[in-house]
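1. need a 3D model of the following:
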Amino acid sequence: MAFHPVKSVLSAGGRHGLSDNEKRDPIGLAVAALNRFAQSDVIDRLGLRKTSEQTVYRVTSAGFRTAGAAGRAFARAGKATAGKRVPSAKGKGLFDLTPTEDEQMLVDVVTEFAAEVVRPAASEANETCQAPDDLLKATLEIGLPILGVAEDLGGIATERSAVGGVLVHEALAHGDLGLAVAALAPGAVATALSLYGTDEQQSTYLPAFTGDEVPAAALVLGEPTPLFDPLAPSTRATRKGDGFVLEGLKSAVVRGADDELFLVGADLDGAPQLFLVE
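-> Numbering: from 1, shown residues only. Below is the predicted model:
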């Protein structure tokens with residue numbers, strides 16, 4: 001099987017998320033995301049809508065299409081040249097953790113989503129050891145898989161912001177940490193592709209993450225050893241023809257039985273690399 005390398009794992013120490021943009025609609029990105037979520041019927045399907053709630057939620061969408069994981073094929077596209085990158089946020093010269101207006105609105109939306117959808121679903125998910133499909137699909141409505149993907153690649157990020165990314169993750173985990181990890185896993189792969197992928201890799205895989213049938217995907221770094229260092233993996237990659245062979249053992253793979261795409265960390269010629277594995 002051929003494996004397609006991206007760039008060095010964690011090499012850029014990238015900051016992910018969203019920040020304000022003077023050219024944005026004044027309502028803000030998060031309000032648009034909330035409106036999209038409001039149009040979804042997922043709250044009713046999960047039986048979580050408050051009878052007395054006075055919000056903008058209305059059932060107007062046609063619902064979700066069912067993704068056929070086993071039959072998905074990623075058609076090769078683009079060229080083997082450098083891809084597009086999300087620019088880094090401008091440094092202020094200070095250690096500033098204050099979210100921007102857009103970031104705060106997005107956090108507010110995710111906080112409400114965590115309280116209304118994630119937390120009520122946590123108990124059953126714990127019993128079944130599985131994240132509900134409806135909940136995972138609902139995360140599309142607030143744009144979770146494409147938070148770190150550049151706008152010109154179909155995402156909603158204008159620049160990389162550690163503050164925005166961390167606050168969104170924290171807000172979602174307040175609903176339930178396990179479900180938050182499952183919901184955020186595809187976004188980790190999409191973000192890595194948008195940061196380090198070639199034009200061919202971005203053109204081939206990112207469209208799936210920006211559509212209505214986001215693939216189950218996971219960033220696979222962990223190994224079952226004490227004090228594991230992702231920059232020194234024991235998993236090894238060797239070149240074979242125009243591809244690679246990976247040998248090693250990985251652990252804590254999010255939704256491993258369901259994943260359609262893995263981004264696997266392995267050592268290649270003494271340096272940590274990421275490999276795309278369908």
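2. quick check: mean pLDDT of the helix or strand containing residue 276?
-> Per DSSP states H and E, residue 276 falls inside strand 271-277. Mean per-residue pLDDT for strand 271-277: 95.
3. the stretch 101-250 of the chain: helices as residue ranges?
-> Counting by DSSP state H, counting those that start in this stretch, the stretch 101-250 of the chain has helices at residues 101-113, 119-128, 133-138, 162-173, 177-196, 199-209.
4. coming back round to it: which parts of the strand holding residue 276 are buried?
-> For strand 271-277, burial by neighbour count (16 or more other C-beta atoms under 10 Å) applies to 272-277. Using the backbone N, CA and C atoms, a C-beta is placed for each residue, glycine as well.
5. out of the helices of the stretch 101-250 of the chain, which one sits most buried?
-> helix 177-196 (a mean of 23; mean count of other C-beta atoms under 10 Å).
6. relative to strand 271-277, how tilted is it?
-> Per axes from the mean of the first three to the mean of the last three C-alpha atoms, to 10 degrees, the angle that helix 177-196 makes with strand 271-277 is 110 degrees.
7. now do helix 177-196 and helix 162-173, the angle between them.
-> Using the same axes, to 10 degrees: helix 177-196 against helix 162-173 is 150 degrees.
8. and the pLDDT at the residue nearest to residue 210 when sequence neighbours are not counted?
-> Nearest non-adjacent residue to residue 210, counting by C-beta to C-beta, 6 or more residues apart in numbering: residue 154, 3.4 Å away. pLDDT, residue 154: 78.
9. cool, and the one 5 residues further on?
-> Per-residue confidence at residue 159 stands at 70 (pLDDT).
10. residue 169 versus that one, what's the distance?
-> 18 Å (C-beta to C-beta, to the nearest Å).
11. contacting residues for residue 225?
-> residue 234 (C-beta atoms under 8 Å, 6 or more residues apart in numbering).
12. right, and the residue nearest to residue 210 touches residue 208 too?
-> No: Residue 154 lies out of contact with residue 208 (C-beta atoms under 8 Å); the separation is 10.0 Å.
13. against residue 198, how distant is the nearest residue to residue 255 once chain neighbours are set aside?
-> Leaving out its chain neighbours, the residue that sits closest to residue 255 by C-beta to C-beta, 6+ apart is residue 216, at 5.3 Å. Using C-beta to C-beta, we find residue 216 at a distance of 23 Å from residue 198.
14. now swap in residue 156 and tell me
-> Counting by C-beta to C-beta, the separation of residue 156 from residue 198 is 22 Å.
15. want to throw the buried residues of strand 271-277 into a markdown table with distance to residue 259?
-> Below are the buried residues of strand 271-277 laid out as a markdown table (distance: C-beta to C-beta, whole Å):
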| residue | distance to residue 259 |
| --- | --- |
| 272 | 21 |
| 273 | 19 |
| 274 | 15 |
| 275 | 14 |
| 276 | 12 |
| 277 | 9 |
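16. residue 251: which of those is nearest?
-> Nearest to residue 251 among these is residue 277, at 15.9 Å by C-beta to C-beta.
17. and residue 5, what's its pLDDT?
-> 55.
18. let me see the contact set for residue 74.
-> With contact taken as C-beta under 8 Å, 6+ apart, residue 74 is in contact with 204-205, 208, 261, 278.
19. no further queries at this time; thank you.
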